[in-house]
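A.B. asks: My questions are about this predicted structure, shown below with the sequence.
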Amino acid sequence: MVFQPVGMGSALELYRALLAERYHLVLLDVNLPDEDGLAIARHLRELSQSLGIVMLTGHASAEYRRRALEGGVDAYLSKPADLQELVATLRNLGRRVATVLPDQADGGSGWRLGERGWRILSPDGRELGLSLAERQVLGLLAATPGMPVRREALIERLVENVHDFDPRRLEMLVYRLRRKCEQQLGVKLPLRAVRGVGYRLDW
């Protein structure tokens, strides 16, 4: 297994990267400049059950370890960590993640996001521009293809306070996006509703 690491300077940079690209593993520290690592881990786990999350930190206390594991971290390693142990942890987790994520090596169904998430490309190569709201929702769904994403998580990408947002606005956004895709691209977007959960993007 070959890793292709990408460094992120902040939590915001990480969130933006996850909207634009698909990553299998995230290696976090607790002390980060703009957001607590434990909070980031909880947020990532809410967004995706398949993403591998490893915490590498100087906090060796049982309390931090417990909070991290309860928050969705797959493995918790204390600094200074043994390099071979870290690599073994990442490889084991990487194999587990690979069995959960659908095979996208051949492009999956042919659908993909382009221009850093601002355009959607159909299997036959046609393109459709996205609004900011559409980009936020599709980017989150595309980060975990084939896996359901909760309505609340999608709404959080659109507004700061979930409770101030009418869920029917999300349903209307999805409806209009499907319709726009079918009218302008001539094919149906593989975006499915998951009853009692939210939505799933099958590509």
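C.D. replies: Arrived safely.

A.B. asks: only C-alpha atoms for contact and neighbour calcs from this point on.
C.D. replies: Noted.

A.B. asks: What residues sit buried inside the lengthiest strand in the chain?
C.D. replies: As assigned by DSSP state E, the longest strand anywhere in the chain is strand 52-57. The neighbour-count check on strand 52-57 (16 or more other C-alpha atoms under 10 Å) flags 52-57 as buried.

A.B. asks: Would you map out the domains in the protein?
C.D. replies: The record's domain parsing of the chain by automatic domain parsing lists 11-100, 112-201.

A.B. asks: Can you tell me which residue is spatially central in the chain?
C.D. replies: Computing the C-alpha centroid of the chain and ranking residues by C-alpha atoms, centre = their mean puts residue 143 first, at 4.1 Å.

A.B. asks: gap between it and residue 17?
C.D. replies: Applying C-alpha to C-alpha, to the nearest Å, the value for residue 143 to residue 17 is 10 Å.

A.B. asks: what's the neighbour count on residue 6?
C.D. replies: 9 (other C-alpha atoms under 10 Å).

A.B. asks: Same check on residue 36?
C.D. replies: Counted with other C-alpha under 10 Å, residue 36 comes out at 14.

A.B. asks: repeat for residue 198
C.D. replies: The number of residues packed near residue 198 is 17, by other C-alpha under 10 Å.

A.B. asks: Same question for residue 118.
C.D. replies: 18.

A.B. asks: What confidence value was assigned to it?
C.D. replies: For residue 118, the pLDDT comes out at 83.

A.B. asks: I'm done for today, thanks for sticking with me.
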